[in-house]
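In: got a structure for you, letters missing:
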């Protein structure tokens with residue numbers, strides 16, 4: 001070519017240099033080669049597109065794995081990937097060695113590698129010779145580093161002994177790969193087989209429980225802490241003649257036995273066996289030694305983690321009870337989910353306690369029960385210990401026959417005592433708790449609450465309401481704290497949910513947004529009680545929870561404890577078929593003389609009960625009339641007021657009845673107050689706004705009630 005003439009085409013230059021071009025896309029798993037590259041691969045000399053599997057069949061399997069490692073390292077460093085690859089024919093014979101140079105790139109959207117490179121034949125030592133068994137890569141350091149980085153990351157991510165063994169079995173070392181692996185442990189003065197790969201089940205039997213004094217390579221490694229390398233069967237037989245017959249049956253050609261050492265102590269041995277002769281060069285020994293060290297660390301971590309899991313699982317099983325015998329007429333379901341960080345059991349707990357005595361006795365011998373749920377502050381061993389002691393104390397106080405308020409008062413005094421006598425006075429702990437005494441025959445619930453979230457009731461028509469209950473301080477803060485009792489009635493077909501705040505706040509939610517999420521699950525669920533419990537946990541801990549995170553996503557997750565109690569009837573989730581009952585929802589609330597602020601709670605409760613009422617004017621009227629009735633009891637009597645509100649019927653044709661009962665015998669009378677009078681208009685408002693109303697004397701006291709009909713909502717002012 002003369003000066004000034006145009007340069008020849010790139011393809012002509014590469015063809016003259018016997019250099020082929022190839023392109024590989026890992027997303028499509030296709031490899032495109034030109035004519036020269038196809039010839040070098042042992043294919044017809046023409047441009048073609050090959051599948052990844054067909055291309056891999058032309059390469060030595062060890063070299064294929066090496067390409068993957070080198071490409072990953074080149075992408076990380078932003079450099080060229082260079083390897084030497086042995087090409088094989090259809091019979092598995094090596095026909096030539098080629099050098100590949102490529103520039104890889106990584107597509108983040110497709111999550112795939114794209115490579116464009118060259119192939120060129122090079123001279124290499126004859127296969128089968130000691131020199132030919134050395135690593136064929138053109139850059140041993142790069143491939144070794146890539147392999148060790150991948151191996152270290154994979155072993156560090158393994159969380160159990162089984163996972164560590166799976167990772168070890170899948171390692172493809174640069175230039176040489178074993179086809180048989182075994183990991184030996186030590187129990188007393190004997191070897192054990194922790195795991196193996198490349199062998200048939202039962203092949204490990206002769207090596208299990210082998211004495212450490214046995215003339216066997218793994219036993220010697222454990223005794224001395226030094227590796228044993230055997231490059232040929234002759235070396236094995238000469239050095240360990242007594243146990244050669246055990247290894248001879250597998251037909252291997254080379255063996256490496258390396259110590260698994262952690263903190264200066266040899267905890268076992270690792271065997272890597274090869275189907276071909278391996279010279280065990282310094283580079284190869286370096287790789288094997290590094291892998292053995294990483295494997296030992298991974299096994300030690302996995303063993304420690306498994307021991308901790310076994311310990312905490314046992315602690316959890318001993319502290320969290322199984323639900324007792326079936327309750328006639330009721331169903332119970334419970335769940336406990338640890339936070340998953342650190343100790344697998346924290347301060348949350350639940351319990352179901354059979355109570356002595358009582359008027360309700362089923363034929364099976366069962367009677368009243370107590371449901372308890374609580375949360376001790378903290379997520380550590382001390383929280384778990386306090387939780388266990390507090391749970392035992394609550395069970396003891398309940399079994400003595402104390403009422404709910406007395407049980408919590410005694411428990412608060414108990415926790416205050418053990419929390420303040422600790423060696424660290426500044427580390428004071430408290431606990432929230434909800435105690436429910438249940439009469440299965442009547443459905444009456446006597447509830448005492450210590451700083452815990454209120455229970456929620458799912459009614460027969462699917463409506464879910466939080467039931468406001470009187471409460472006191474968390475347990476352990478004030479040894480003289482009082483815990484008033486609230487009485488509710490669980491109607492047939494209704495379900496009560498009590499839970500710790502972990503169920504509400506997990507996923508970055510606060511009490512408001514978390515409750516909205518839980519309420520939707522309760523209202524939409526159609527299965528039985530066990531399925532409902534699973535759905536609640538899945539909503540906050542399953543994959544769907546990642547799409548419904550709350551405003552406080554950075555907040556630490558919490559343990560979860562859930563208890564569900566259902567009174568059997570159609571729609572309760574118990575799975576039984578019973579006589580259909582009218583659609584209705586019902587709520588009760590006590591307003592004490594000393595708690596006038598609960599009038600506002602009653603108004604809100606009534607609004608929630610009527611959340612889907614068709615006439616907003618009727619809702620406002622009902623709330624106004626309820627406020628008048630409750631205020632009348634607080635102002636004109638010395639007794640407490642009991643509110644009972646019930647909605648019955650199908651949507652559009654429903655009826656609401658609101659009844660307020662007190663223990664005073666003084667009946668209300670209609671008056672005609674003057675224009676400036678500050679009272680006396682209550683009955684006038686009821687007569688004006690209600691469809692019907694009345695006053696019913698009782699044995700002790702009276703009740704005043706009114707009704708509104710949804711179908712006549714347009715007629716009510």
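Out: It's in. Model, not experiment: these values are computed from the prediction.

In: which regions of the stretch 551-700 of the chain sit below the pLDDT cut-off?
Out: Within the stretch 551-700 of the chain, the stretches with pLDDT under 70 are 551-557, 570-583, 669-681.

In: That one: strands as residue ranges?
Out: 560-567, 584-591, 641-648, 655-662, 692-697 (DSSP state E, counting those that start in this stretch).

In: Check which helices and strands the helix or strand hosting residue 259 sits against.
Out: Assigned by DSSP states H and E, residue 259 falls within strand 254-262. Where contact means 3 or more C-beta pairs under 8 Å, 6 or more residues apart in numbering; DSSP states H and E, strand 254-262 is packed against helix 217-224, strand 228-230, strand 265-274, helix 282-319. Every C-beta, even on glycine, is put in place using the N, C-alpha and C of the backbone.

In: Put together JSON lines for these, with distance to residue 258 on each row.
Out: Below are the helices and strands packed on strand 254-262 laid out as JSON lines (distance: least, C-beta to C-beta, whole Å):
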{"stretch": "helix 217-224", "distance to residue 258": "7"}
{"stretch": "strand 228-230", "distance to residue 258": "8"}
{"stretch": "strand 265-274", "distance to residue 258": "5"}
{"stretch": "helix 282-319", "distance to residue 258": "4"}
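
In: Using a markdown table, please lay out these together with mean pLDDT, mean neighbour count and distance to residue 391.
Out: Listed next are these as a markdown table, based on pLDDT from 0 to 100; neighbours: other C-beta atoms under 10 Å; distance: least, C-beta to C-beta, whole Å:
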| stretch | mean pLDDT | mean neighbour count | distance to residue 391 |
| --- | --- | --- | --- |
| helix 217-224 | 90 | 20 | 46 |
| strand 228-230 | 91 | 21 | 55 |
| strand 265-274 | 88 | 21 | 39 |
| helix 282-319 | 76 | 16 | 7 |
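
In: just to revisit the earlier point, to residue 522, which of the strands of the stretch 551-700 of the chain lies closest?
Out: Using C-beta to C-beta as the measure, strand 560-567 is the one of those that comes nearest residue 522, at 9.6 Å.

In: Please tell me how far the closest one is from the chain's geometric centre.
Out: Centroid displacement of strand 560-567 relative to its chain, using C-alpha atoms, centre = their mean, to the nearest Å, is 19 Å.

In: ok, which stretches of the stretch 101-250 of the chain are helices?
Out: Using DSSP state H, counting those that start in this stretch, the helices of the stretch 101-250 of the chain run over 140-157, 161-169, 217-224, 233-239, 244-248.

In: And the second one, what does it pack against?
Out: Applying 3+ C-beta pairs under 8 Å, 6+ apart, we find helix 161-169 packed against helix 140-157, strand 180-187, strand 190-197, helix 282-319.

In: Average pLDDT for the helix or strand following the last one, rounded please.
Out: Past helix 282-319, further along toward the C-terminus, the next helix or strand under DSSP H and E is strand 330-337. When pLDDT is averaged along strand 330-337, the result is 88.

In: Parallel or antiparallel, list what pairs with strand 330-337.
Out: Each strand paired with strand 330-337, and its direction, by DSSP bridges: strand 560-567 (antiparallel).

In: Flag the shaky bits of the stretch 1-150 of the chain, pLDDT-wise.
Out: Those would be 1-8, 10-11, 69, 73, 76-78, 124-146, if you go by pLDDT under 70 across the stretch 1-150 of the chain.

In: Apply 50 and report the result again.
Out: Scanning the stretch 1-150 of the chain for pLDDT under 50 picks out the ranges 1, 126-138.

In: wait, what's in contact with the residue lying closest to residue 166 once chain neighbours are set aside?
Out: Closest residue to residue 166 apart from its sequence neighbours, by C-beta to C-beta, 6 or more residues apart in numbering: residue 158 at 7.7 Å. For residue 158, the contact set (C-beta atoms under 8 Å, 6 or more residues apart in numbering) comprises 164, 166-167, 298, 302.

In: Flag every buried residue along stretch 611-631.
Out: 613, 615, 618-619, 621-623, 625-631 (16 or more other C-beta atoms under 10 Å).

In: could you point out the longest strand in this protein?
Out: Using DSSP state E to define each element, the chain has its longest strand at strand 94-107.

In: Remind me what that strand packs against, helices and strands.
Out: When contacts are defined as 3+ C-beta pairs under 8 Å, 6+ apart, strand 94-107 packs onto strand 19-25, helix 61-77, strand 81-88, strand 112-122.

In: now that strand, how far from the centre of its chain.
Out: For strand 94-107, the distance to the chain centre is 43 Å (C-alpha atoms, centre = their mean).

In: list the contacts for residue 434?
Out: By C-beta under 8 Å, 6+ apart, residue 434 lies in contact with 372-374, 447-450, 452-453, 455, 498.

In: pLDDT score assigned to the residue nearest to residue 166?
Out: 75.

In: what number of residues lie near residue 259?
Out: Counted with other C-beta atoms under 10 Å, residues neighbouring residue 259 total 24.

In: ok, now residue 79?
Out: For residue 79, the count of nearby residues is 12 (other C-beta under 10 Å).

In: Please confirm that it is located within a strand.
Out: No: going by DSSP: H, G, I helix; E, B strand; the rest coil, the assignment for residue 79 is coil, not a strand.

In: Model confidence at residue 424, what's the number?
Out: Looking at residue 424, its pLDDT is 60.

In: ok, for residue 36, nearest residue in space, not its chain neighbours?
Out: residue 20 (3.6 Å).

In: tell me the two of the buried residues of stretch 611-631 that are most distant?
Out: Comparing all pairs in the buried residues of stretch 611-631 by C-beta to C-beta, the longest separation belongs to 615 and 631, at 23.8 Å.

In: Spit out the contact partners of the residue most central in space within the chain.
Out: Nearest to the mean C-alpha position of the chain, by C-alpha atoms, centre = their mean, lies residue 541 at 5.5 Å. By C-beta under 8 Å, 6+ apart, the contact set of residue 541 is 337, 506, 560.

In: Narrow those to those that are buried.
Out: Buried members of the contacts of residue 541, scored by 16+ other C-beta under 10 Å, are 337, 506, 560.

In: Could I get the contacts of residue 541 in TSV, plus columns for distance to residue 278?
Out: Below are these laid out as TSV (distance: C-beta to C-beta, whole Å):
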residue	distance to residue 278
337	50
506	53
560	54
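
In: if I pick residue 418, what's in contact with it?
Out: Counting by C-beta under 8 Å, 6+ apart, residue 418 touches 386, 389.

In: That one looks like it's in a helix, true?
Out: Yes: counting by three-state DSSP, residue 418 is found in a helix.

In: wait, residue 284 sits on residue 272?
Out: No: here residue 284 does not reach residue 272: they are 10.2 Å apart, not a contact under C-beta atoms under 8 Å.

In: Could I get the strands of the stretch 551-700 of the chain in TSV, plus columns for distance to residue 243?
Out: Listed next are those as TSV, based on distance: least, C-beta to C-beta, whole Å:
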stretch	distance to residue 243
strand 560-567	54
strand 584-591	78
strand 641-648	83
strand 655-662	88
strand 692-697	96
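
In: now, of the ones you listed, which is deepest in the fold?
Out: Greatest average neighbour count among those goes to strand 560-567 (a mean of 25), per mean count of other C-beta atoms under 10 Å.
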